[in-house]
Every structure is written in structure tokens, then in C-alpha cells.
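Trainee: Sequence and predicted structure, then a few things I'm wondering about:
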Amino acid sequence: MATYSDSDEDDTFVSIGTPLESINEDEPKKKPFSVQDLPAKDKLGRQRFHGAFTGGFSAGYFNTVGSKEGWAPSLFVSSREKRSDITQLRPEDFMDEDDLGEHGIAPRKLVTADSFSSEERKRRRVEEATAAVSDTIIPGAPAIMDLIIPEKISIGVTLLRKMGWKEGQGIGPRLSRKKLKQQKAGMKVYGCDLRQPSSDDEEEMDDEQFLEKVTFAPRDSIAMTVVAKDNLHGLGYHGIDPRSALPSSHINLFEAPPVKGTGRKGIRGQAFGVGAMEEDDEDIYAVDSLSNYDITMTNEEENQTFGWTAPKGAMKGNIDVPVGYIGKVLQGFQISSKPYIQKKAFPPSPLPAEFKPVHAFRKPSEYETGHGDEEEKATKKKDLNAVARGIELGETPIIGSVFDLISKEDKARLDTARSGPLYTNNSNRLVTESHAAGQEEGDSSKKTVLQSSEEPSRSNLPLFQGHSLMFRPFAKDPKKQERYDKYQTLIRHGKRDADAFEEIVSGHMTEWEREREKEEFTKASKLYKPLTAMMAYRFTRGKYYEEDDKVEVPAEEEKDKSDKVKAAEMNMYGQLTREVQEWHPSKLLCKRFNVPHPYPGSTIVGLRTVKRDKYSVFNFLNFPSQEDIQESVNSPEQETLALPPPATCSSDNSSIQTPKDRGKVPEKPKGFKSIFSHLTESSRTENWSNQNDGKEKSDNNQSGGQRTEGWTLTSEAHGVKDYSEFGFRIENKSAAIGISKENIFEESEEIEKSKSVEKKQEGEEDVKPPMDLFEAIFRNTDSEESSSSSSDEAEDIQKEEEVKAELAARGIQMDTQTSDPSSKVHSEIANIPNPDRLPGDATEIESIEKRLSPVIHDREMKVEEEYGPPLPPTNPQSSSVSAEAITRVHVLDPPNFKDLTSSHRKQKHKHKDRHRHKVKKDKKEKHKKSKHKKKHKKKEKKKKNKHMDSDDEADDETSSENSDSNDGLSGSSASTERELLERLKTLQKSRIL
Amino acid sequence: MSQEFPDRLVHTINCKQGAVRAVRFNGDGIYCLTCGSDKSVRLWNPHRNIALKTYSGHGYEVLDAQASCDNSQICSGGMDKTVVLFDVASGKTLRKYRGHAGTVNCVQFNEESTVVLSGSIDSSVRCWDVRSKNMEPIQVMDEAKDSVTTIQVSDHEILTGSADGSIRRYDLRNGKIITDFIGKAVTSANFTRDGQCILTSTLDSSIKLMDKDTGEMLNEYKGHKNTDYKIDNCLNCKDTQILSGSEDGYVYIWDLIETKVISRLKHENQRVIHSLSYHPTEISLLTAAGDKMYVWKSKSTVDEDTSGQ
């Protein structure tokens, strides 16, 4: 379209086409059309579809009934004249082009005309046939009509015929004979034809000569019929030919089908499922015959040896049995030609008499001797005592009747010691005297006595003391280890944790360091506790004994019974017999009971247990790595370094302190302690003289029980010294027994103590960062203790005495395991087959227990952590009972022993009571601190001790809780029956009231 | 108030299933179950002396059985170490729970009969889910140190008595085990019908009424003999009397408050009356001794029965 612009300026320009709309940027952009938005229009541009109310799809002229010209009513047409014109109206007359269109209701398309349809043809054929038949005589025979089919020649054929084509000829130009022949051969010759003309060809050649000018029509080619694949079978599939499949005649099953070479009778072709790529099925429809089967039952002996690889000769049964061979030769076997040579059997070498089928690990001390240098060995040799030397020389050791060898006065003293309550002092004296008599290399007989008499007492000692030797967590730092060892000894002597630590702590440490070390020590000592305590905890005593040890069973039985049983016996049911534990039902059980789960988040089912795997020393002890420790433990040099002379320091202290600090001590216990520790540090290297000690000791012994507190302290130190020095030579059996018994007492107490102390420490730790506060608390506890100790001074004296006695025992034990070389001798003695050796001898037990030791730690922890129902509650009594049981075997003088124990028990009770008070106080403290704890939690985290992760904390808390309850329990159970009865009575009274 | 007690022997039924190990009323007291030493459980109408059906499926003596609350199922346990669940109508074995290492002493349904609890000589209590196809126990409670002799179930508690001399109450709602030490081997423990107390029999010829909440002993009933056998105890339908079998051929009836023996029911030619079951609402008692089951009623109940017929 060309428009001429009217404007003057644009005269010369011709614009072609429709200009694009100017883009107005201010206009809002048009939405792009989507397909569905486009209106459907027909070819005339009319809207094809409308809404339902506007007429549906288009009809008429723009949805009107009219036309472009408007609606015109049909004119009246008279039918009078034009009757014939009126035609029947067809439906199409009422349709528009849309309806007739492709998508309309009556679409028009090209179709074969009716005249050319097959129906029409058929009709025509019938017509033709009737026409043909009509003039025949046979009237109306429609049957034949069908048979007569008029020849119909297609137009193509007629055309061909007209062109001269005849049936049977091929189509195409006529060919000469030669060419025809080539075509006949049906081969195309590429290149040169190498074929030799055959004789036949030659013959034909003759014809060729005269038929040269004759041309032949080309051969009719057979039209290749390409069959369209109109089925879904696989390529090449063809169904079974029913003619071959169905047998034409009767099948006789009982006659073998005649075999005709390879040709098989049966069905050719394939059935279902065999594809082109697969092999044919094996003649599945083949006619089978019974004669193909073996129907005779014969003995199949020949096949019995199927698969045998035996030689053929043997199979046939021609076994050549040698002359004189009696016995049956197995079928398939031959008798060997070579005679069988029997190997000579040697009996195993006899075991040495002392051989033990278990491996006993050597003690560290032994280890040292094994690997130590010559000098050490020499010293060991020197230290061999008379018995050992005697054994080496082949003498029979005199062990049986010890008392025969003791001088009369000694004996008397022994007796008094056994019966008297002040046995400790007596035994002290005894030891000193005996020591004085048998200075160093004294007469051998005396020594023998001492040694042998020592044995039973040793056997009464707790099984396991040397745990510090077993596990040396701080071996890397010898000083620290030393401190730890000291701490251990103090703890074992019944000191409270804090006190013990105060004693060993060195001056140069900062508060924080001290705190940390204290905690470490507590943990370590907790983990590696004596076996006896654990064992006592684990086991209860058997109800009846063997016949041979005659003990009053009922009496024992009484003691054996726990609170519960007694309460139950007295029908005092209630708190005493009740036990409530946390229990987690399974979720499904709750669901089935229609009860909400009491612990919605819990994954536990059944009783609560504590995870133990993660709880290890290595979690919180501050040494570099495990390997280092092992190295250090293994290396003997280190070991010797780390091994402190036990109780040396304390004895040093005493030697220095006794004259000077006598007055000071009682007023300032803490100061004393610091001095004490300081002295320990400074005087470690000093040598100490025996003579001095002798004097002081005698002093102490004279002073007896009327000492002040300060005195007792010093005497305690003396006790340590004395016994550590001469510990091995204690002769008083009963005393030793008493001590050992006490040890057990103490140990069971220790557990409690350590727990309570630990608990306290936890509390302290929580408050830790502000040092002053901590100190205040710490002092508080200290002062409390001191006040309490001052208040019941008398008791304290008793306690100190006990401690002293125990120290004595400990001293012995320490000696046996650490420094004293004679321990080795002892073990030797134990190993020698000895008729007088008692069954529960210490040495042997030790070895066993050492073997057990790795297990112990683990178990011990368990004991600490979970107070599950299977364990009997901690019962110091029961432990004491078990101790008695052990001792009883060795006791020569039962009544004496009993007296001692009973007297001790009385002392114990008072002591216990006091202890319980303390526990209560501790509890209160704990409560207070727990409050603190919450406040300081964040701070604490910032500080973050490496050795305490939150898990541990949680564990500790639970354990402390447990210990709480346990304290109560053990505290209550620790008393005698009488006390219990009283308690029950009061309870009952209160109940009644 | 004169207390009525089942003093009249209405029926003596020879169960013909060997020794009758236990006799139990069903939930509404119309039927009862007897457990025989011939491996069968038998369903009776004890009031009319009719044997209704026999359930077999155990491999050895049946020691305890209970009917479910809807009377559609029966659980039973026995010396073949299995707990079997029977369909009442068809008599078919629905489930057979194997898992106990020893004789099953006692079985109980929970209140809705969705769980079967079984106590065994292997000192464990196993909870079997009846609803699921799972044949493993839902939970195993092996806190007892000795054979579990008796189980009782309340809506949220499982009470077990054990030969270790303790009764344990598993409180599902609070998630606690409350262990009350009684002293001697517990042979039978029952909740009182008000659920406040526990009645325990021990092998020292003593029955104790324990307070459930505090564990205190409220009363003790003595006079009978129980030293060797697992002898049941029970309360009457109104919690006023305490009944127990005895090893001297009597059933003892005590007054709950006064702890006096009200009466003794003589069982002719019997030595040990080991099992008894009290009707949940009427004054009617079933006892088992030897190969017989005895049905006891009071005069009034007998009259009622006759008038009803």
C-alpha cells in the first residue's frame, strides 16, 4: 500500500507498507497473547465459538438467521403448476459450508463412486449371470449361477493383448536366441565370462545357425510377491502345519515307529516361544513310544561304583589278597605292597613339679631384677635373708612350729598382745626388740622365725594393695607420680580426700594447679581401687561352710543378713524393704496398656544403665599419650625412679617434727599440713638413720594412749615409719589379723569416703574459677572437720590408733610389694612345695589377682557407676565377714581373735556415726553448691577444663547421687544388729505415734 | 453384719484331665477354666456342671490359664515353656509363644487383653503382643532373681511375685519398679479389688496384706499350711474375706480386718488345695485339688440359682 503524505516536506518521499505503530514508552506494555486467548475464527473471519449464552458456535450470518441482505422469508410457491419441481429437501439443504466442511457435521470428501464400488460390481455380475442363464433349459438354478463366473479381463491385459502380448510370455522387446539363453541361465555376467561352452551348448549352436533371425519373447518373470508382515509374530515364524501336525492315521504307542534314516516323523515347524535367535525346540510333539523307555528291572550293580576312581582291577573284584592276610579287603581297595611303618611315639616330657599351668605376670620389682643392672642384682643378693639363702643351699626351711623358736618372754608378750586391746603398741615393741636383737645379719634362726611367722599375717592382708604399682597414671612426671602414690597411701589410711591432698600438695603449685591435680588424683584413685572392696561388694558370703572349718554358722548367718531381711523377719515392712528403681517400659507395651510413656524421649527399655565405654582414665588425665605411659611402665629405670621409698617421707617428717612442732600442730592443722608437705619435699633426699628412729619410737610407745592430738599425729607418723622399716618382721599374728580385718573395714569406708569427697569436690570444682571463694569453702570444710575432730577428741584418739595400726599393716604391704627385696623371697617360698603352706596364701592370690587386674578396673568402674539391683548393697559388715572368713582359716587362736574384732567394732561404730554426720554435712554443702553451679555454668564452660567433658560431669553427678543413697544405706548397714534393732524400734515407735 | 461365705459344696466335678493344676473364673464368672496335667485346658460352666470345650495345643502340663476380657480368647502357659493363645469358639491355637527358658508358671492378660504376660521359672516376665503377628516378646522383665510365680495386672501396673522373696510392681505410668522384699518365696500375689493393697502368700505359711503405696504390712493371716506348694490366695468379691488354699486339705477363710479364721472348707480325701478362684461378683468359690474341681457357694447364692432355674 502506498500512501502519499499530504505534508509539504514529505513530498518527495514515498512510503510503502503500513507503518509500525509508534512505540509509546509511557504506555503500559501489552500482555503477550497466549494461544488460548486468540479467538477461533472461521475462514470468513467470523468468530467460530461463542459463549454458551451467545449462541454456542457460529451459525447463520454472524449468528443471525438471516443473510448479508437480511432475513427474507421464503416466497410462497404455488405447487399447482410446479408440482414436479418440488423436490424432496435433503438435510444438506439446511447446512452451511461449515457443516459440510472438514470439521462439520456432514463433511464432504472424495469417495469411490457407487458404480465402481464392489457392491455395484457384484450386482452387475449377478445381472450378467442371470442374463446368461436365462436362455438355458434349466429353469432358475441359482446354485449354478454362483459357479458361472464370466471372464473378466482387466484393461491392462486387453491393452497388452492388443500390443501382441500372449499369456506366458514376458513383457518387453523380443530378444535373439543367444540373449534369451543368457537370460535363461538366470545369471548376470559381470566382466568376462570364463565359462566353457558345454557340449549341450555346442549342440544348440547348430540350431542357432538357422534360428539366427528368429527372435523370442523374453521369459516371463515371476512377479515377486512381497508379503506384508501383518502379524505380531517374530521374524521368520511360521505356524505349525496342521497337515503334518495331526497324524493322519491311528497312532500305535506300543509299536516302535519305523525308523527312516534321519527323517523324523513328527511335527515340523515351531510352536510358541521360539524366536529367531533361539534354537529349535527338540521335537516337542514327536510321537513317543514306550519302547524308548527301559522297563525292565535289573540289578544295577554295574553302576554302583559310578564315579569311583579306584583302579580298574580292584573294581572287577580280582583283589589279590596276600597269603596269611586275615580280614576283609574293602571293595575298591588294594592291600599295599609296602609294609606300614609305625612312627615311634615319645611320651611328653614330665612337667616340673612346681609348674603352674597359668602364666603369672612378674611384679614390677621382679621385672627390675630381671633387667636391672649388675649393681642392683648385687644388692638384691645381699638382701636375701636367711630363709632364701637356706633354700638356695638346699636346706629345708623351718616353718611349721614357729612358736617353738620364739623365746619365752617373746611368747608371753605375744600372748598379751593377742589378748590385750593395746596390741598395736605391744606388737610395736615386739618388733623393735626383735629387730634390735636381729640387727641386720643376725642369727639365721631368728630370721627364719620372723619370716615364717610373717606368713599367716600376710595371708590375712587384703588381696590387693599395690594398685599404685599396677597403674601409674603419672609416670611421665615422677614427682607427680610420687605425690599420687603418697596420696594413695593416705587415702588408704582413711584420710579424706581433701585432707590427703592437702598433705601431699607441694608449695610451689598455684591454686589452680592444685585443684586440678587434686581432681585428677581423686579420679585416678577412684578408678583403681583395691580389689577386696570390689570383691566384697560383688559377692555375698556362702551360707554354709565346709565341714572342716568349724565355725558357728548361725552367728555368721545373723551377720550375713541385710537390713531388708531383718526388717522382713520382724515384719517391719515399709521403707526398709522397699526399693524403687527407674524402669522404662517399652513403647509398645505402654501403647497396649493405654498408658502414656513415662519417659517420652527415652530409648532405654528396662532398667537404666550407665554407659561405660566412654568412661576412661585417658579422658581426663593429663598425660600425652598412652604409648608413653606404657613405655614408662615398661622401662625398669623409670620404674625405679618413680617408685618412692614408701612412707619414707612420713618417717622423715616424724624425725624432724617430733622435737620441734609438737606444740604447733594442734592449733593449726592446715599450717601443719603445709609444713608437713613442705618438709616432705625438702627432706626427700635425706637419708635417715635407724638409731634415731629407734629412740623416738620407744618414746612413742611409752606415751601410749594419753596423748594430745598433736601427739597422735606424730605417733601416727612414727607408726608409719616403724612398720615400714620393720614391717616385715611383725610377729604377732593376732595383731596382724586384727589389722587386716581393720583394713577391710577401712577400705569399705574408703569407698564411701572417696565418694563423698568426690562429690564435694565436684561441687568445689564447679565454683572453682573464683579462687578465693573456693579457698573459703575449702577452709570451711577443713575447719568443720577440725572442729568436729576436736569435739570428739577421744574418738579421734581411737581413730588415730586405728589408723596407726593400719598404717602398720600398710607398711608391711607396701614393703612386700615395693621396696623390700625379701618379698621376692617370699614368693619363692610360696612357690616351693610346702606342706605347711596355707591355702589362702597371699603370694599366690596376688598373682591371680594381678592377672585379673585389667578386668578389675573396668568392673570397678561399674561398681562405681551403677548400683543395679543384681548387686547386693555395699555392706561393710559383709565385707568384714568375708574378711573374717578368710582370716578364720588361719587363726590359731579363735577366741582371742574374736575379742579383738568385737572391740574394734565398737570403736568403729562411734566412728561411723561421726562419719555419717559428715556425710550429711557434705550433702548440705552439695545442695548449696548445686545452686552455685547453675549460676556459674557459663563461666565454667569458658574456663573449660580439658579433662572434664560434659559427659563425665553427667556421669559423676549420677554417681554422686548414687553414692548419696549408698552412703545412707551403707551407713545404716554398717551397724550391728543391735543397733539396727534399735533403729527399727524407734522407727516403729514413730510410726505408731 | 454376718458375713456370708461359700460354705456349701455344690458340685464336685471330676475334670478327667489328670491333675487339675489351676482353676480360674472367666471375667464375668459364668464360666471357668481348668488346666490339666494332660496338656489340656477345659472350659466349664461350673454352676451347671457342664464341660463346654477342651483346648489342646500344649506339649506338657498346663499350669495357668486366663480368659480374655471379651471371652474370645484363652491364654495358657505350661511346662512346655510356651504360652498358647486359644480361640474360644473354634478351639484353634492362635499363637504359640516360645521364648521362656523354663516352665511358665503364670499367665495373665492385661486389662484390654492386648498383651499376654507370662512369668516363668527362668525368672523372667515376658510380654507378648496379641495384636501383632510378631512372636517375639515386646519386653522382658528379668529383674527377679528367682522363678516368677505369680503375675497380676491392673490398668497400669504389673505385679509379679517371685521365689526370691520379693514382689515387684512395674508401674508403667510412672516408669518405676517398686520392689518390696517380703522375705520368703512368694507363691501368690493379688491386688485387692480396690487396688490399694496387695495380698501375698509366702512359703512360710503366711499371708500378708501389704499396703501398695508404702509397702507396709497391714495384716498377716496365719493358720494354714503352705511350705512346699504354690498355693493360691484370693479375696472374696467384696474384699472382706481372704481365702487361701492349704496343704492340709482345707481352704481357709479369714476376716480381712480381724485376721481371724472364719471358716475352713474341708475337701474330702484331699491333701493340698492349691488353686482357687473367687467369683467376681457372687459368693461362689472354685477350688482345685487332685483331679477334681469343687464349686462352693453360700446358701443365698444356691437359692438364687435354684430360683433362677
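Mentor: Cool, the structure landed.
Trainee: B:Val23 is in contact with B:Leu33, isn't it?
Mentor: Yes - shown here, B:Val23 and B:Leu33 form a contact pair, counting by C-beta atoms under 8 Å, at 7.1 Å. From N, CA and C alone the C-beta is placed, and that goes for glycine too.
Trainee: ok, for B:Met293, nearest residue in space, not its chain neighbours?
Mentor: Nearest residue to B:Met293 in three dimensions, chain neighbours excluded: B:Ile13, at 4.6 Å (C-beta to C-beta, 6 or more residues apart in numbering or on different chains).
Trainee: And that neighbour, how far from A:Arg592?
Mentor: 35 Å (C-beta to C-beta, to the nearest Å).
Trainee: In a helix, A:Asp499, correct?
Mentor: Yes - under DSSP: H, G, I helix; E, B strand; the rest coil, A:Asp499 falls within a helix.
Trainee: Show me the shaky parts of the stretch 1-150 of chain B.
Mentor: Along the stretch 1-150 of chain B, the model assigns pLDDT under 70 to residues B:1-2.
Trainee: Run through the residues of it sitting next to chain A.
Mentor: By C-beta under 8 Å from any C-beta of the partner chain, the residues of the stretch 1-150 of chain B that approach chain A are B:110-112, B:114-115, B:127, B:129, B:131, B:138-143, B:145.
Trainee: and with 7 Å instead?
Mentor: Residues of the stretch 1-150 of chain B lying close to chain A (C-beta under 7 Å from any C-beta of the partner chain) are B:Asn110, B:Glu112, B:Thr114, B:Val115, B:Cys127, B:Asp129, B:Ile138, B:Gln139, B:Glu143.
Trainee: Nearest to B:Leu265 among the residues you listed?
Mentor: Relative to B:Leu265, the closest of those is B:Asn110; by C-beta to C-beta it sits at 31.6 Å.
Trainee: dump the residue contacts of the closest one.
Mentor: A:Arg592, A:Phe593, B:Leu117, B:Val153 (C-beta atoms under 7 Å, 6 or more residues apart in numbering or on different chains).
Trainee: How about A:Asp499?
Mentor: Going by C-beta under 7 Å, 6+ apart, A:Asp499 touches no other residue.
Trainee: Quick check: A:Ala567 touching A:Thr577?
Mentor: Yes - under the criterion of C-beta atoms under 7 Å, A:Ala567 makes contact with A:Thr577 at 5.4 Å.
Trainee: quick one: which of the two has more around it?
Mentor: A:Thr577 (26 against 23; other C-beta atoms under 10 Å in any protein chain shown).
Trainee: Leaving out sequence neighbours, find the closest residue to that one.
Mentor: Spatial nearest neighbour of A:Thr577, chain neighbours left out: B:Phe181 (4.1 Å); criterion: C-beta to C-beta, 6+ apart.
Trainee: closest point of chain A to chain B, which residue?
Mentor: Closest to chain B within chain A is A:Pro598: 3.0 Å, counting by C-beta to the nearest C-beta.
Trainee: about what we covered before: take the residues of the stretch 1-150 of chain B next to chain A and lay them out in CSV including secondary structure.
Mentor: As requested, these are arranged in CSV below (three-state DSSP):
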residue, secondary structure
B:Asn110, coil
B:Glu112, coil
B:Thr114, coil
B:Val115, strand
B:Cys127, strand
B:Asp129, strand
B:Ile138, coil
B:Gln139, strand
B:Glu143, coil
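Trainee: Tell me the pLDDT of the residue of the stretch 51-200 of chain B at minimum distance from chain A.
Mentor: In the stretch 51-200 of chain B, no residue comes nearer to chain A than B:Gly175, which is 3.0 Å away by C-beta to the nearest C-beta. Here the pLDDT value assigned to B:Gly175 is 92.
Trainee: Near the residue lying closest to it once chain neighbours are set aside, how many other residues are there?
Mentor: Once flanking residues are discounted, B:Gly175 sits nearest to A:Pro598: 3.0 Å by C-beta to C-beta, 6+ apart. The local packing of A:Pro598 (other C-beta under 10 Å) involves 18 other residues.
Trainee: Next: A:Glu92.
Mentor: Count around A:Glu92 with other C-beta under 10 Å applied: 10.
Trainee: just checking, it is part of a strand?
Mentor: No - with three-state DSSP as the criterion, A:Glu92 is helix rather than part of a strand.
Trainee: can you tell me how far it sits from A:Ser67?
Mentor: From A:Glu92 to A:Ser67 the distance is 18 Å (C-beta to C-beta).
Trainee: what do you get for B:Leu285?
Mentor: 109 Å.
Trainee: More neighbours: these two, which one.
Mentor: B:Leu285 (29 against 11).
Trainee: Tell me which residues touch that one, please.
Mentor: By C-beta under 7 Å, 6+ apart, the neighbours of B:Leu285 are B:Pro6, B:Leu243, B:Leu276, B:Tyr278, B:Trp296.
Trainee: That one pairs with what?
Mentor: Beta bridges link B:Leu285 to B:Tyr278, B:Trp296 when assigned by DSSP bridges.
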